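>>> My questions are about this predicted structure, shown below with the sequence.
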Amino acid sequence: MLVSERPVAAARRPVTGLWSLVLAGVLWGTGGPTGSLLAHETGLSPLAVAAYRLAAGGILVLIWLCLTRQPLPRGRHAWARLVVNGLLAAVFQACFFAAVSVTNVSLATLLTIGASPALVLSAERITRRRRVGASMLATVALAVSGLALLVGTPASGITTKDALTGAGLALLSAAGFATITFIGTRPVAGLDDLTGTGVSFAIGAAVLAPAATVTSGMDFVPTPAAVGLLLLLGIAPTAMAYALYFRGLRTTPASTAALIALLEPLVATLLATLFLGDRLSSTGVVGAGLITIAIVLNTRSTPH
């Protein structure tokens, strides 16, 4: 009986990994609306919100680890991964919000999230981790096309210099997220997903906080609403989402994970439409449908 159950358990692990990635994408989608509400409540800049997001997520996880008496990771390889992930988190957060500041949200989102699957797919192809066929390329193209329709046409008035600067920053942000995704498929012995998330984000926050303090400041009045939003931002779309994402990367190809991450703008748009009064255009509806189709096709083609 035990021998016959092992193949079943092994077969279930990739499926569990896919669902972890899907749930991570959904939780990420709550980050945009929550961060927007926090910025409106406190007057914090986007960079300061990003720094607080990493700090809240990291500190909450570390508190939980202390309360449950979980040991900190040991070994050079484990701490090397933690430092690398922390620095990469700071890079892609800072570069994304810097891209927003010189262009706008739609262009920064399109380039950052749209470029990530292509970068991961290219890395997999170069390192021969995954055979890239025509169907996979078509799925990526479908997803990016849907993202372009969902976020809409960037507003006019952006100078060529700002557009090029913003594009470069957005691509750096995409490269940071793609690198975290790519290396996350190779787990480090003795480093569990929750601990890795907490320590890495604490490191990332320590890097971002000085930059936010110098450029825009991090002071705000800690009203109950502000504290509640900050805790929500730290728990759901940060600590929980990234822990689930790293768990899913253990059994799922990196390019599949990067495509599932497109659930973030999809869910964020739907939540903004339902609760923040935003309006979703007809082209946005088509884009949402294309992203959904691409994600479904991508997950169905992933080896189980």
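Structure's in. What do you need?

>>> and after the strand or helix carrying residue 161, which helix or strand comes next?
If you go by DSSP states H and E, residue 161 is part of helix 160-184. Using DSSP H and E, the next helix or strand after helix 160-184 towards the C-terminus is helix 193-215.

>>> residues in contact with the residue lying closest to residue 187 once chain neighbours are set aside?
In space, residue 187 comes closest to residue 250 once its chain neighbours are excluded; the distance is 5.5 Å by Cβ to Cβ, 6 or more residues apart in numbering. (Each C-beta comes from the backbone N, C-alpha and C, glycine too.) Residues in contact with residue 250, defined by Cβ atoms under 8 Å, 6 or more residues apart in numbering, are 17, 185, 187, 193.

>>> and the third one, backbone torsions?
Note on residue 187: backbone dihedrals following degrees, to the nearest 10 are phi -60, psi 150.

>>> quick one: residue 215 and residue 44 touch, right?
No - with contact defined as Cβ atoms under 8 Å, residue 215 does not count as touching residue 44 (11.7 Å).

>>> one step back: could you work out the most separated pair of the contacts of residue 250?
185 and 193 (12.7 Å; Cβ to Cβ).

>>> The helix holding residue 161 to helix 193-215, inter-axis angle?
Counting by axes from the mean of the first three to the mean of the last three Cα atoms, to 10 degrees, helix 160-184 lies at 160 degrees to helix 193-215.

>>> So for helix 160-184, mean pLDDT?
What helix 160-184 shows for mean pLDDT is 88.

>>> what residue ranges in the stretch 201-304 of the chain are flagged as low confidence?
Within the stretch 201-304 of the chain, the stretches with pLDDT under 70 are 276, 278, 301-304.

>>> And the stretch 1-150 of the chain, by the same measure?
For the stretch 1-150 of the chain, the stretches with pLDDT under 70 are 1-14, 106, 132.

>>> Quick one: the helices in it, in order.
Along the stretch 1-150 of the chain, counting by DSSP state H, counting those that start in this stretch, helices occupy 2-29, 31-42, 46-67, 76-102, 105-127, 134-151.

>>> Show me what the last one is packed against.
It stands for helix 134-151. Under the contact definition 3 or more Cβ pairs under 8 Å, 6 or more residues apart in numbering; DSSP states H and E, helix 134-151 sits against helix 105-127, helix 254-260, helix 263-275, helix 282-301.

>>> residues contacting the residue lying closest to residue 200 once chain neighbours are set aside?
Leaving aside its chain neighbours, residue 200 sits nearest to residue 85 (3.9 Å; criterion: Cβ to Cβ, 6+ apart). Going by Cβ under 8 Å, 6+ apart, residue 85 touches 180, 196, 200, 203-204.

>>> Identify the farthest-apart pair in those residues.
180 and 203 (12.9 Å).

>>> can you list residues touching both of those two?
With Cβ under 8 Å, 6+ apart as the test, residue 180 and residue 203 both reach 85, 89.

>>> Pipe the helices of the stretch 1-150 of the chain into a markdown table and attach distance to residue 175 per row.
Shown next, in a markdown table, are the helices of the stretch 1-150 of the chain (distance: least, Cβ to Cβ, whole Å):
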| stretch | distance to residue 175 |
| --- | --- |
| helix 2-29 | 18 |
| helix 31-42 | 20 |
| helix 46-67 | 17 |
| helix 76-102 | 8 |
| helix 105-127 | 6 |
| helix 134-151 | 16 |
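
>>> Quick one, which of the ones you listed gets closest to residue 269.
Across the helices of the stretch 1-150 of the chain, closest to residue 269 is helix 134-151 (Cβ to Cβ), at 6.0 Å.

>>> how far does that closest one sit from the chain's center?
In terms of Cα atoms, centre = their mean, to the nearest Å, the centre of helix 134-151 is found 18 Å from the chain centre.

>>> Outside of that helix itself, list whatever touches it.
Applying Cβ under 8 Å, 6+ apart, the external contacts of helix 134-151 come out as 105-107, 109-110, 113-114, 117-118, 121, 255, 259, 262, 265-266, 269, 283-284, 286-295, 297-298, 301.

>>> Please indicate which of those residues are buried?
Among these, those classed as buried by 16 or more other Cβ atoms under 10 Å are 105-107, 109-110, 113-114, 117-118, 121, 255, 259, 262, 265-266, 269, 284, 287-288, 290-291, 294-295, 297-298.

>>> Tally up the residues packed near residue 147, please.
Residue 147: 23 surrounding residues under other Cβ atoms under 10 Å.

>>> now swap in residue 53 and tell me
Residue 53 has 26 nearby residues by other Cβ under 10 Å.

>>> got a list of what it touches?
31, 35, 93, 233-234, 237-238.

>>> between those, which is nearest residue 50?
Distance to residue 50 across the contacts of residue 53 (Cβ to Cβ) is lowest for residue 93, with 4.2 Å.
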